[in-house]
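Engineer: need a 3D model of the sequence below.
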Amino acid sequence: MSFSFGKQSQKASSQEIEQVKQWIYQALQIDDEISISLSQLQCTEPGCPPIETVINVMTNPVQQYKIHKSITEIEYTDISMFEPGK
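Structural biologist: This next block holds a predicted model:
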């Protein structure tokens with residue numbers, strides 16, 4: 001699998017990133033002391049979604065979620081479907 005970390009066509013603004021993080025804290029009922037990492041990946045392999053956002057909630061163990069959308073396309077409903085701790 002090959003991922004490109006180069007220039008993204010839909011670069012998220014800091015406000016969009018913060019909005020998605022707030023939705024994650026709200027939907028998953030995460031303490032605001034816990035860090036959240038968002039990574040937007042572009043895949044060029046056949047059968048791979050063109051853009052994927054990986055969300056890491058820095059608990060022990062780390063909780064990881066994936067959305068097959070760019071950060072700018074994520075809506076609250078995408079996050080509200082996650083099951084905390086999975």
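Engineer: longest helix of the protein?
Structural biologist: helix 14-28 (DSSP state H).
Engineer: can you list the strands that the next helix or strand after it pairs with?
Structural biologist: Later in the chain than helix 14-28, the nearest helix or strand by DSSP states H and E is strand 36-43. Strand pairing for strand 36-43, determined by DSSP bridges: strand 3-4 (antiparallel), strand 51-57 (antiparallel).
Engineer: avg pLDDT for the longest helix of the chain?
Structural biologist: The average pLDDT for helix 14-28 rounds to 95.
Engineer: quick one: buried residues of it?
Structural biologist: Using 16 or more other CB atoms under 10 Å as the test for burial, helix 14-28 gives 16-17, 20-21, 23-25, 27-28. Glycine gets a C-beta too; all of them are placed from N, C-alpha and C.
Engineer: just for this protein, where's the confidence low?
Structural biologist: In the predicted model of the chain, residues 1-10, 85-86 satisfy pLDDT under 70.
Engineer: mind redoing it with 90?
Structural biologist: 1-12, 43-50, 81-86 (pLDDT under 90).
Engineer: many thanks, we can stop here.
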